[in-house]
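Chemist: The sequence and its predicted three-dimensional model are supplied below.
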Amino acid sequence: TMPKEPAVLRQNILDTTAAILACGIDPKKCFLFRQSLVPEHAELAWILGCLTNVPRLLRLPQWKMKRASQNSEGTVGLLTYPVLQAADILLYKSTRVPVGEDQVLHLELAQDIAQHFNKKYGEFFPVPEAILSEL
């Protein structure tokens, strides 16, 4: 949600990929891809954003904290980021999602969006459940 120099962004992508592989993720056993190369993430985020009301997003604590830390009114990207997270989850029809406690409210938003979509258009998205780690 923050502008980055293109060269820095490219290096961050490489560094993150290296860190994921160094943690032991085996690309022969899982899919490793760059989300920005899959247009369906942004497309579904747009659709879900049209079903999500602004007051709900304004109540999320992460919005309030990050907006305050940026000493500004915040950006649309920052406000709608949780809808993109919901699209990331729902696009793959995920049923269980590992999250930290700081992301539980965002997962609850994804659950609410899935339920609202299903009520309006018929059963399509599973309602994802949180997997919380004690660590």
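Modeler: That came in fine, so what should we check first?
Chemist: domain parsing for this protein?
Modeler: 1-32, 37-132 (the TED database).
Chemist: Can you give me the pLDDT of Ser72?
Modeler: Here the pLDDT value assigned to Ser72 is 67.
Chemist: In which helix or strand does Gly74 reside?
Modeler: Counting by DSSP states H and E, no helix or strand carries Gly74.
Chemist: Which phi and psi values does it adopt?
Modeler: Torsion angles at Gly74 (phi, psi; degrees, to the nearest 10) stand at phi 90, psi 160.
Chemist: one step back: could you take the domains of the chain and lay them out as a markdown table, with extra columns for mean neighbour count?
Modeler: To be clear about C-beta, it is placed using only N, CA and C from the backbone, and glycine gets the same treatment. Formatted as a markdown table, those follow (neighbours: other CB atoms under 10 Å):
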| stretch | mean neighbour count |
| --- | --- |
| domain 1-32 | 10 |
| domain 37-132 | 15 |
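Chemist: quick one: the strands in the chain?
Modeler: 96-99, 129-132 (DSSP state E).
Chemist: Please tabulate those strands in CSV, including the columns distance to His41 and mean pLDDT.
Modeler: Formatted as CSV, these follow (distance: least, CB to CB, whole Å; pLDDT from 0 to 100):
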stretch, distance to His41, mean pLDDT
strand 96-99, 15, 94
strand 129-132, 21, 95
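Chemist: Including distance to Pro27, could those strands go into JSON lines?
Modeler: Shown next, in JSON lines, are the strands of the chain (distance: least, CB to CB, whole Å):
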{"stretch": "strand 96-99", "distance to Pro27": "19"}
{"stretch": "strand 129-132", "distance to Pro27": "22"}
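Chemist: I'd like to know which of these is closest to Ala87.
Modeler: Between Ala87 and the strands of the chain, the shortest gap by CB to CB is with strand 96-99, which sits at 12.9 Å.
Chemist: partners of the closest one in the sheet?
Modeler: strand 129-132 (parallel) (DSSP bridges).
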